[in-house]
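In: Model the structure of this input:
(2 chains)
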Amino acid sequence: MADNTPHDPHVRRMDEILNEPVLDHEYDGIEELDNPLPGWWLMTFYGAIAFAVVYFTVHSIIGDNRLAERDYQQQWAAIEAQQAEQLAAQKAGLDPEALAAEVVSMAAAGKPIYDSRCAACHGGAGEGLIGPNLTDDSWIHGDGTAVPVYEVIRDGVNANGMPPWGALLSEDELKQVTGYVLSLQGSNPPNAKAPQGNKVN
Amino acid sequence: MIAEHNVTHAGSDPGELEEFTYDDQIVRYFAYATIGWGLIAFLVGLLIALQLGLWQLNFGLPWLTFGRLRPLHTNAAIFAFAGNAIFMGVYHSSQRLLKTRMFSDVLSRMHFWGWQLIIVSAAIMLPLGITQSKEYAELEWPIDIAITVVWVIFAVNFFGTIWKRRERHIYVAIWFYIATIVTVAVLHIVNSIELPYSFLRSYPVYAGVQDGLVQWWYGHNAVAFFLTTPFLGLMYYYIPKAANRPVYSYRLSIVHFWALIFIYIWAGPHHLLNTAMPEWAQTLGMIFSLMLWAPSWGGMINGLLTLRGAWQRLRTEPIIKFLVGAVTFYGMSTFEGPLLSIKAVNSLSHYTDWTIGHVHGGTLGWNGLLTFGILYYLVPKLWNTELYSKKLANVHFWLGITGTGVYMISLWVAGITQGLMWRGLTAEGKLMYPDFMETVTRIIPLYWVRALGGTMFIIGFCIMVYNLYKTMQSGRISEPQKHKARRLVSVTTLNASELGSKHRLLEGLPMVFTVLSVIAILVGSVIEIIPALVVQEFVPNDKKIKPYTALELAGRDIYVREGCYTCHSQQIRPMVSETLRYGKPSTIAESQYDRPFQWGSKRTGPDLARVGGKYPDMWHYRHMINPREIVPQSIMPNYPWLATANTDLDVISRKLQVMQTLGVPYSNDEVKQAKADALRQAEKIAAGLRAEGGVNDAELEQRELVALIAYLQRLGKNGGVE
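Out: As a prediction, this is how the structure comes out:
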């Protein structure tokens, strides 16, 4: 590096305002000072390079490029264990008669949920549209009692494109909307879709 | 008046004194183009920003939908506005820094008109859906060829100018121009290798993860070598000229230039963090982005500290305000960039509006303000007058930085809010916000704030246009001034002190300098790209995964045409919240036939990688015609024309044939019977839709919507093998 004195052959003069050496470069009137690289800047550069080396070593050499994958698998295993627990609790907890009685009492609160979540596919009055008619006495899954209806709403029907609302709605909301759906039985709305599944009565 | 320049290297055998003029007319042309295209780019941006708040703003017209206009906005902002600004500054400053007129006035004009023609054709084709749907590389093959030709014209003109220069050594601005020209050529050509199947359409030779890696090596370095290096070159000319101060540190120029171009080229994979891309490539993308921080700030420091001794002019001189504002935004963006490249941060920010905010800090703040500063500097000079109103320029400045700030902050908040909502889990291990729509409605108010920021920026721009117009009117274009400088003598006749040593020597040998620049950018390119094209883990050959059927491929091309990737990703990251929301993480093999890859980089709507089978065909049919029938608060536009337009199946055999040429295992029979196969599959879907009732369309099987449904239902299903 050039030393910072005007005696350096490449230094033309000292800058009149800053008193710093000006190099003997000039391009369309533009001159250049001979300042050294700022120390703090150089330190951030070296620091980033050092970090990069360490990170690469840890992740790609020692970690065999699998650290993120292992992390994910661990976290997902924990979620799956939680899901299995919840499923077992749900299975054990459903009492057909108690549920049937409970949902009837909650049906009124289910209407707004039905309107926002279900009407798009099952029609505003349950007459069926993309999804099946909910007002007739034919059922694709189960016998039209509270438990299977509740389960279909909660778990969805993947094959037919019915989403699992258990992910979006609380247990009470699921019960409310189950009650509302059952309350539509026999309402004979206009434009009803033809019955699908098994007739239960 | 004849200006005689200092002859700093008057050696023992000085060259002959020559008289010459500069071509400033070409600079004026590019200035007009910068202003005109800038207005269009900004207005289209504002329109699509408003569409996010009010979906009806496409007025029911296919060519005004977000998916078609977003590419027009980005291409216009980058290649039309910034591109013409670069050429304006390069043509103006290079002639002066090299003490010569441009190599050829004819080439200059071919460059100008060729570039404008490319922009016009892009502005027509993108709204028509003629697109490759690869970000910033959307333009189809005929335009790709035109870009290559025009770029070569520019390169010949520029290097010819260097060749006939009267300045022995090349200044740092010229270094940056050199790096720009050679690197953009390499990037554009490699990323645009494609096989046409018709006059205006093609498939890229790369598929899936390869296409992704090549595309983002290109895409990121479009930011690096189109929006950064040329503008740094401009900064190195216009800041010292406007401030009339020497550059802070010649040594810093050297170190940050080489570090910047060497490191930048590696950073592309940070656009694909936490995807199916092999982890070593992700790691390289991240660590090189972090190492890029200091080299970027080297440019900011050299720009800002050049103003030492002239800071008082920041208060009075609008040009200095714009230049300082630009460099400050550059510093902010180049700090934020490495931050967003950290895998953990990126897992929150990616696919959100944070990225959009970040980009606009760079484009509005850095490219925009710098261009405006240069225009305020150049127009009075080129029209031989004073700026019409400093006051208006000041108003523009404050509108510009406030607008950019409002824009960035609103999208930071939007991005972080939505990112946190996407990943939020309850104690029971369920999604806290399972309804995607809820995460959208929450940030819509911020979209309005963003549009306000953009509007402020545009109002400021319009004030500038008026100010510059009045300036031009008050001035006049005079005869070109004559300059005198000595012709360069042959290098071989110079002694060692005249040549200089170390880097100074290199600056006197521009061709060697250029070769070294090419090597600097090729190192990272080769190490990252070549494995992607040959190493087994990048070239999955999972025989169980079937290629798209003819109808699915036709549907995919509709997806590509409509620019669905501008709002929907097709890449599920290995994160618990994503598995809960979308399904298991995407694999490389799943996109092995995807030409172009459609992993996407923004989720205005949900990811679609595993949407296949999730909803019935009828759901999609109704949803595409009017999304709000199914999802009441949806902000997706209606696509009713897909239900009335017919799929072009006459070209389907040719498409499969091109795919076959590219290595997709279609049998010759499949190629031959493609149209019949497609119709058979379409009839099946149409029959299903009719059976559901409510669809009265005698030609349903012909419709584009049916082909699109076939494609959507295939996503994540891999042709039967899940």
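In: Please enumerate the strands of chain A.
Out: A:11-14, A:21-23, A:138-139, A:198-199 (DSSP state E).
In: Show me the one of those that comes nearest chain B.
Out: Closest to chain B of those is strand A:21-23 (CB to the nearest CB; 5.6 Å). C-beta coordinates here come from the backbone N, C-alpha and C atoms, glycine included.
In: I'd like to know which elements that closest one is packed against.
Out: Packing partners of strand A:21-23 (3 or more CB pairs under 8 Å, 6 or more residues apart in numbering or on different chains; DSSP states H and E): strand A:11-14.
In: Now do the strand it packs on, average pLDDT.
Out: In this model, strand A:11-14 has an average pLDDT of 91.
In: Within its sheet, name the partner strands of that strand and how each one runs.
Out: Counting by DSSP bridges, the strands paired with strand A:11-14 are strand A:21-23 (antiparallel).
In: for the record, mean pLDDT for the partner strand?
Out: Strand A:21-23 shows a mean pLDDT of 94.
In: same deal with stretch A:129-146?
Out: Here stretch A:129-146 scores 91 as its mean pLDDT.
In: Residue B:679 sits in which helix or strand?
Out: For residue B:679, the host element (DSSP states H and E) is helix B:674-692.
In: How about that helix, which residues are buried there?
Out: Neighbour counts over helix B:674-692 (16 or more other CB atoms under 10 Å in any protein chain shown) mark B:674, B:675, B:677, B:678, B:679, B:681, B:682, B:685, B:686, B:688, B:689, B:692 as buried.
In: What about chain A: which of those residues touch it?
Out: residue B:692 (CB under 8 Å from any CB of the partner chain).
In: how about a markdown table for the buried residues of helix B:674-692, with distance to residue B:541 added?
Out: Output for the buried residues of helix B:674-692, formatted as a markdown table (distance: CB to CB, whole Å):
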| residue | distance to residue B:541 |
| --- | --- |
| B:674 | 23 |
| B:675 | 28 |
| B:677 | 23 |
| B:678 | 25 |
| B:679 | 30 |
| B:681 | 25 |
| B:682 | 30 |
| B:685 | 30 |
| B:686 | 34 |
| B:688 | 33 |
| B:689 | 36 |
| B:692 | 39 |
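In: Now do the contacts for the residue most central in space within chain B.
Out: For chain B, the residue nearest the mean C-alpha position is residue B:136 (4.2 Å; CA atoms, centre = their mean). Contact partners of residue B:136, counting by CB atoms under 8 Å, 6 or more residues apart in numbering or on different chains, are B:74, B:75, B:78, B:218, B:219, B:222.
In: Indicate the residue of the stretch 401-550 of chain B located nearest to chain A.
Out: Residue nearest to chain A within the stretch 401-550 of chain B (CB to the nearest CB): residue B:429, separated by 3.9 Å.
In: Give me the domain ranges for chain A.
Out: Listed domain ranges for chain A are A:40-92, A:95-199 (source: automatic domain parsing).
In: coming back round to it: skip the chain neighbours and tell me the closest residue to the residue of the stretch 401-550 of chain B closest to chain A.
Out: residue A:82 (3.9 Å; CB to CB, 6 or more residues apart in numbering or on different chains).
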